[in-house]
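Trainee: With the input below, show me the fold.
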Amino acid sequence: MQGLTEVLFRRVYEECFTGALPLAVSPFIALTRNLRFSTDNAQIRDVLPENNRGSIPVIPQILGKEPDEFVLLANHLYALGYSEVNWNMGCPMRAVTAKHRGCGLMAHPDEVRAILDTVVPRLEGRLSVKVRLGLKDKEEIFAMVPVLNDYPLASVTVHPRLGRQQYTGVPDLDTFGQVLPLIKHPVIYNGDLCTPDDIRRIRQRFPQVADLMVGRGILYRPTLPLEVDGSPTDRESVKHFIRRLLEAIRTTLPREEAVVRKTKEYWSLLWRALPISEMQARQVLRAQELTIVDNLIDSFIQ
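Mentor: Numbers count the residues shown, from 1 in each chain. Alright, predicted model coming up:
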């Protein structure tokens with residue numbers, strides 16, 4: 001999740017819930033002309049191995065459609081020690097899809113084939129792909145699957161929504177069920193896995209799914225992976241995690257304004273893991289000063 005499941009979050013999560021998540025996919029690294037691999041690039045810094053010590057193991061993710069830049073970045077990441085990179089063909093943000101990036105590629109299977117024809121033979125490691133059902137029409141996935149099947153992909157993650165839905169509505173599980181047996185690669189399910197029952201339902205309905213990818217659910221309920229395995233909800237461990245995450249934000253970001261902004265980004269999702277109301281949570285989101293934000297959150301996680 002862009003801006004949220006970055007290395008700061010991944011390190012704190014692994015510290016507080018060691019081994020609960022076996023793998024994470026990084027926020028995307030956007031392809032640009034003259035992409036710099038230096039520490040000046042925050043997206044590159046996020047996946048540098050030295051910055052990820054003590055973190056959830058991570059697969060870097062690439063967003064873009066420029067073949068030469070893709071190969072250059074992917075092979076740089078393999079050289080850093082990563083065995084796999086992920087190609088994001090699922091991002092639904094309009095600013096992304098308008099440029100035929102992310103989910104904007106789903107309506108263009110010939111373009112995707114041309115990119116893969118150029119990229120795959122030149123890659124020095126494995127490639128996985130994340131997709132949606134389409135940008136505007138779920139028929140797009142049925143045209144895309146034969147293209148993906150023609151290449152040696154490590155896996156295909158499917159979020160069964162359209163790009164134009166963003167994160168509204170509900171996942172189209174019927175269409176996912178139709179697509180699943182058509183994909184020759186291991187399939188990972190992603191979408192609205194927010195409770196243990198959500199995960200159990202997907203596992204029961206689609207036992208052939210290779211794995212599950214949790215997005216917002218890990219922020220709504222940080223103990224979710226543990227609860228699926230039978231552990232009860234542990235409010236104290238959630239509170240400890242929130243404290244450590246906020247401490248990490250304060251020691252990492254240099255300016256008070258940036259600390260307030262980042263704290264609110266996480267709080268807008270994390271408050272659901274606490275026994276408080278939305279009205280109470282909004283007090284934090286309305287506050288402008290760091291001292292007030294801190295005091296309010298402290299009162300909720302005592």
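Trainee: from here on, contacts and neighbour counts on C-alpha atoms
Mentor: OK.
Trainee: ok, L290 - contacts?
Mentor: Shown here is L290, whose contacts under the criterion Cα atoms under 8 Å, 6 or more residues apart in numbering are 256-257, 259-260.
Trainee: Low-confidence stretches in this protein?
Mentor: By pLDDT under 70, the low-scoring segments of the chain are 38-39.
Trainee: Mind splitting it into its structural domains?
Mentor: Taking automatic domain parsing as the reference, the chain has its domains at 7-221, 235-300.
Trainee: Can I get those domains in a markdown table including distance to D229?
Mentor: What follows is these, written out as a markdown table (distance: least, Cα to Cα, whole Å):
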| stretch | distance to D229 |
| --- | --- |
| domain 7-221 | 9 |
| domain 235-300 | 16 |
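Trainee: Just name the most buried of these.
Mentor: Of those, the one with the most neighbours on average (mean count of other Cα atoms under 10 Å) is domain 7-221, at a mean of 18.
Trainee: measure the closest residue to V187 other than its chain neighbours to R216 for me?
Mentor: Across the structure, with Cα to Cα, 6 or more residues apart in numbering as the measure, the residue nearest V187 apart from its sequence neighbours is V156 (5.0 Å). Relative to R216, V156 is positioned 19 Å away (criterion: Cα to Cα, to the nearest Å).
Trainee: V228: which of the domains of the chain is closest?
Mentor: With respect to V228, and counting by Cα to Cα, the nearest of the domains of the chain is domain 7-221 at 5.0 Å.
Trainee: How far does that closest one sit from its chain's centre?
Mentor: Mean C-alpha position of domain 7-221 versus that of the full chain (Cα atoms, centre = their mean, to the nearest Å) differs by 7 Å.
Trainee: That domain spans what distance, first to last residue?
Mentor: Using Cα to Cα, one end of domain 7-221 lies 19 Å from the other.
Trainee: what does the longest helix along the chain contact?
Mentor: Ranked by residue count under DSSP state H, the longest helix found in the chain is helix 235-252. When contacts are taken as Cα under 8 Å, 6+ apart, the neighbours of helix 235-252 outside the stretch itself are 8-9, 12-13, 16, 222-223, 259, 262-263, 270, 273-274, 301-302.
Trainee: Of the residues you listed, which belong to helices?
Mentor: Filtering the contacts of helix 235-252 for helices - DSSP H - leaves 8-9, 12-13, 16, 259, 262-263, 270.
Trainee: among these, which two are most distant?
Mentor: C16 and V259 (21.1 Å).
Trainee: Secondary structure element holding H159?
Mentor: Assigned by DSSP states H and E, H159 belongs to strand 156-162.
Trainee: Just confirm A114 is within a strand.
Mentor: No - following the definition DSSP: H, G, I helix; E, B strand; the rest coil, A114 is helix and is not counted among the residues of a strand.
Trainee: which non-adjacent residue is nearest G177?
Mentor: Nearest in space to G177, with sequence neighbours left out and distances taken as Cα to Cα, 6+ apart, is F206 at 7.5 Å.
Trainee: any idea how far the one you found is from V284?
Mentor: When distance is defined by Cα to Cα, F206 is 40 Å away from V284.
Trainee: what do you get for D234?
Mentor: Counting by Cα to Cα, the gap between D234 and V284 amounts to 23 Å.
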